[in-house]
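Participant: any chance you could fold what I've pasted below:
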Amino acid sequence: MKDYSTVSLEISEDVAILRLNRPDKMNALSTQMRAEITDAATYAGKKARVLVMTGEGRAFCSGQDLSDTGNVAALDLERVLRDEYVPMLRAVSECPIPTICAVNGPAAGAGANLALSADVVIATESAFFMQAFTRIGLIPDAGGTYWLPRQMGAAKAMGAALFAEPISAQQASDWGMIWEVAPDTEFDSTWRARAAHLAAGPTQTYAHLKDAIRSTWENGLDAQLDLEARLQGACGQTRDFKEGVVAFLEKRPAQFEGR
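Facilitator: As a prediction, the model looks like this:
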């Protein structure tokens, strides 16, 4: 297991749990944390069958740590985004295994958009999301302009970005921004059960499923149908498909090998 200073990574029963671990800073994203999230997510993608990302303490992530950069006004934001944020976001969004973001508290700015980079977002009832960027004269970044319109529609995305108001977990769910809201008292058991379900599933199939769904925004119908056929052909060659069919015929739960 790898050791980190700003995050922690635990792998047990094929579930990798990546915790942002700067609770005194509300898990604000420093240069070191971005590098460690990138490394941990990449490592988990090779060693586990599902990755869960969550926060330590009362917040998920409050966004960019402005105290980490010295003279903020002199910061080269384009370089930071290209060199530090892009690798982190790609490590999560392109992870070959299913990814869950368990939003345990406030998720603001880049922290909100880091959460949205996961395949599935489960939020505790008291959590909220906020595109805080215009409050300091910036546009949403860390993938916000990509994920928000796709998940909640252009009208809601525009309002969320312009007004920079908190969006409750329930609103986020109602608007299609996230998958699920859990009562605070059931939050931990909810995301753990979801993670266990995915960890026991057909991992190779999940990877193809992610490719297919995310390609639909760029493909026309013919291209998407062609991609479906190709990926389904690959799924049909896996041991998990054969096991799934046999289990169905024998009326028993499938025992997927995953890889």
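
Participant: and the closest residue to Tyr206 other than its chain neighbours, backbone torsions?
Facilitator: Once flanking residues are discounted, Tyr206 sits nearest to Pro98: 5.1 Å by C-beta to C-beta, 6 or more residues apart in numbering. (Each C-beta comes from the backbone N, C-alpha and C, glycine too.) The phi and psi values for Pro98, taken as degrees, to the nearest 10, are phi -60, psi 140.

Participant: would you mind measuring from Pro98 to Arg150?
Facilitator: 18 Å (C-beta to C-beta, to the nearest Å).

Participant: more neighbours: which of those two?
Facilitator: Pro98 (24 against 14; other C-beta atoms under 10 Å).

Participant: any idea how far Ile139 lies from Val80?
Facilitator: 14 Å.

Participant: and stretch 174-181, end to end?
Facilitator: 10 Å (C-alpha to C-alpha, to the nearest Å).

Participant: tell me the mean pLDDT over it?
Facilitator: For stretch 174-181, mean pLDDT rounds to 96.

Participant: what do you get for stretch 117-124?
Facilitator: Here the average pLDDT along stretch 117-124 is 98.

Participant: ok, now stretch 229-236?
Facilitator: On average, stretch 229-236 scores 94.

Participant: residues in contact with that stretch?
Facilitator: Residues outside stretch 229-236 that contact it (C-beta atoms under 8 Å, 6 or more residues apart in numbering) are Pro202, Gln204, Thr205, His208, Asp211, Ala212, Phe241.

Participant: mind checking how far it is from the chain centre?
Facilitator: Its chain's C-alpha centre and that of stretch 229-236 lie 25 Å apart, by C-alpha atoms, centre = their mean, to the nearest Å.

Participant: alpha carbons only: can I get it in PDB?
Facilitator: What follows is stretch 229-236 as a C-alpha-only set of coordinates in PDB (Å, rounded to 0.1, in the frame of the first residue of the first chain):
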ATOM      1  CA  ALA A 229     -21.600  -3.700 -31.600                       C
ATOM      2  CA  ARG A 230     -17.800  -3.700 -31.200                       C
ATOM      3  CA  LEU A 231     -17.900  -3.300 -27.400                       C
ATOM      4  CA  GLN A 232     -20.700  -5.900 -27.000                       C
ATOM      5  CA  GLY A 233     -18.600  -8.300 -29.100                       C
ATOM      6  CA  ALA A 234     -15.700  -7.800 -26.700                       C
ATOM      7  CA  CYS A 235     -18.000  -8.400 -23.700                       C
ATOM      8  CA  GLY A 236     -19.300 -11.600 -25.300                       C
END
